[in-house]
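Trainee: no sequence for this one, just the structure:
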Ligand code: GTP
Ligand code: MG
């Protein structure tokens, strides 16, 4: 997409709720950090000058500096995370690619994705891979090379490969959405590990089903475990490959209502994660492959329907966009709540603790100042006393001298007279 169009669509995106909240909380923490630094300098000076604060208090204050810096670091890394699950070949990787508007993740028939793949935005236009437990950046020149690199990796299926893709290539990546692709839920016996390692901090889950068949036990079981470990996870259900229904128009509506009913029942009655109304807004009928093709055509400047696979493209394309809109609303609100609420309460407790400490110190300073004032007053009183005393003495001396002079004068004149 041309840059200008990306910015346009980006400004209206519900993801901006998260983006703006992140900026705001970052700014606030920036101010808190400045304040903590200033106060620490002040406190250290107090210690050096008058020993009003002791070593333990200074150390406690230093710990606030580290705490605030730690929170700022986490904040910088905070993002919105969406994880995709479903049976092999249902189109999980294709859905992510359609959302990214580019074929980034390998997709194909058979068992393609063999470990967890996380796609996130990178700065500076760089594309690279990072394997779990290593800081090494493996440069990716093009998508084909990326696909090869992923296929060649003999990685454990629950390990994670991070794919860094230039932010400016996709507005979702720029707005801090991180995508997690998984191997099919039917190929693993380690579903618990998957959940513990990759799902606990996900804001949204997308269950990608194959609209040509029905939800399997493995898929259901996986989400049962997720909803036991997380309270009310946000789950969207995509009935993918809906383009296939165009071949059988006579049963399209009945299949659709059957799938819809099953999906809604699963979310409401089985998992109990949402009510009927919410659940109805979480179930979609799409074609990921077609959407991706349409978007690739759009990027070339062609009309999107050039990517159509079957009759009814427009409806499926709108439905995909509708899914994206609802997904964006849901993920940004959920991420603001789960991520920033925690930071703001921690921030409140740090600033509350600091305020209490400063109040204590202020009280001590006031006592100290009063003490000094008292000492000063006492000294002044003494000086004043001495002054009066001296004046008294001087006055007395003067009188004495005066009297003496008078006496001498008197004596002298008396003597002269005699
Ligand atoms: P694994 O990684 O193996 O678990 O599969 P996956 O769920 O990631 O599926 P993938 O995206 O690799 O898609 C499997 C095959 O289905 C690919 O050949 C896709 O092109 C095709 N496919 C995906 N989505 C659709 C769709 O909506 N319609 C059609 N007709 N084909 C699709
Ligand atoms: Mg895949």
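Mentor: Perfect, I can see it now. In this text the structure is predicted, and so the values were computed from the model without any measurement. Numbering: from 1, shown residues only. Ligands and ions are numbered 1, 2, ... in the order given.

Trainee: for residue 375, grab the count of nearby residues.
Mentor: 10 (other Cβ atoms under 10 Å). All C-beta spots, glycine's among them, are computed from the backbone N, C-alpha and C.

Trainee: what's the distance between it and ligand 1?
Mentor: 80 Å (Cβ to the nearest ligand atom, to the nearest Å).

Trainee: that residue falls within a strand, correct?
Mentor: No: looking at residue 375 with DSSP: H, G, I helix; E, B strand; the rest coil, it is helix, so not inside a strand.

Trainee: so which bits of this protein are right by ligand 1?
Mentor: Contacts of the chain with ligand 1, taken as Cβ under 6 Å from any ligand atom, map to 86, 88-94, 107-109, 111-113, 183-184, 240-241, 243, 287-290, 309.

Trainee: any of those residues buried? List them.
Mentor: 86, 88-94, 107, 112-113, 183-184, 240-241, 243, 287-290, 309 (16 or more other Cβ atoms under 10 Å).

Trainee: name the nearest residue to the residue most central in space within the chain, sequence neighbours excluded.
Mentor: In the chain, the residue lying closest to the centroid (Cα atoms, centre = their mean) is residue 78, at 2.8 Å. Leaving aside its sequence neighbours, residue 78 sits nearest to residue 339 (Cβ to Cβ, 6 or more residues apart in numbering; 5.0 Å).

Trainee: isn't that neighbour up against residue 76?
Mentor: No: contact criterion Cβ atoms under 8 Å: residue 339 and residue 76 do not qualify, at 12.0 Å.

Trainee: and these two? which has more neighbours close in?
Mentor: residue 339 (22 against 11).

Trainee: mind checking how far that one is from ligand 2?
Mentor: 27 Å (Cβ to the ion, to the nearest Å).

Trainee: that residue belongs to a helix?
Mentor: Yes: secondary structure assignment places residue 339 in a helix (three-state DSSP).

Trainee: report pLDDT for it.
Mentor: Per-residue confidence (pLDDT) for residue 339: 85.

Trainee: which strands and helices sit next to the host helix or strand of residue 354?
Mentor: Assessed by DSSP states H and E, residue 354 sits inside helix 341-417. Contacts defined by 3 or more Cβ pairs under 8 Å, 6 or more residues apart in numbering; DSSP states H and E place helix 341-417 against helix 16-50, helix 55-77.

Trainee: okay if I get these as TSV plus mean pLDDT?
Mentor: Shown next, in TSV, are these (pLDDT from 0 to 100):
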stretch	mean pLDDT
helix 16-50	85
helix 55-77	88
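
Trainee: coming back round to it: out of the buried ones among the residues of the chain next to ligand 1, which are inside helices?
Mentor: Among those, the members falling in helices (DSSP state H) are 92, 93, 94, 288, 289, 290.

Trainee: report the contact partners of the closest residue in space to the fourth one that isn't next to it in sequence.
Mentor: Spatial nearest neighbour of residue 288, excluding adjacent residues (Cβ to Cβ, 6+ apart): residue 94 at 3.9 Å. In this structure, residue 94 makes contact with 107, 240, 288, 289, 292, judged by Cβ atoms under 8 Å, 6 or more residues apart in numbering.

Trainee: same question for residue 44.
Mentor: Here residue 44 is in contact with residue 58 (Cβ under 8 Å, 6+ apart).

Trainee: what residues does the stretch 1-150 of the chain put near ligand 2?
Mentor: By Cβ under 5 Å from the ion, the part of the stretch 1-150 of the chain that sits against ligand 2 consists of 92, 93, 112, 113.

Trainee: where does pLDDT dip in the stretch 101-250 of the chain?
Mentor: 143-144, 148-149, 151-155 (pLDDT under 70).

Trainee: now the helices for it?
Mentor: 143-152, 171-174, 191-194, 217-229 (DSSP state H, counting those that start in this stretch).

Trainee: out of those helices, flag the one nearest residue 57.
Mentor: Residue 57 lies closest to helix 217-229 among the helices of the stretch 101-250 of the chain, at 41.6 Å (Cβ to Cβ).

Trainee: so which bits of that closest one are buried?
Mentor: 218, 219, 222, 223, 226, 227.

Trainee: how about JSON lines for those residues, with distance to residue 140 added?
Mentor: Supplementary listing: these in JSON lines, determined by distance: Cβ to Cβ, whole Å:
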{"residue": "218", "distance to residue 140": "32"}
{"residue": "219", "distance to residue 140": "31"}
{"residue": "222", "distance to residue 140": "30"}
{"residue": "223", "distance to residue 140": "32"}
{"residue": "226", "distance to residue 140": "31"}
{"residue": "227", "distance to residue 140": "36"}
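
Trainee: now flag whichever of these is closest to residue 280.
Mentor: residue 223 (17.7 Å).

Trainee: just the element for residue 265, please.
Mentor: Per DSSP H and E: residue 265 is located in helix 252-265.

Trainee: name the helices or strands packed onto the helix or strand following that helix?
Mentor: Scanning forward in sequence from helix 252-265 by DSSP H and E, the next helix or strand is helix 276-280. Helix 276-280 sits against helix 252-265, with contacts defined as 3+ Cβ pairs under 8 Å, 6+ apart.

Trainee: what is the rounded mean pLDDT of the helix it packs on?
Mentor: On average, helix 252-265 scores 96.

Trainee: that older thread, buried residues in the helix holding residue 265?
Mentor: 255, 256, 259, 260, 262, 263, 264.

Trainee: do stretch 30-50 as well
Mentor: Those would be 32, 33, 36, 39, 40, 43, 46, 47, for stretch 30-50 by 16+ other Cβ under 10 Å.
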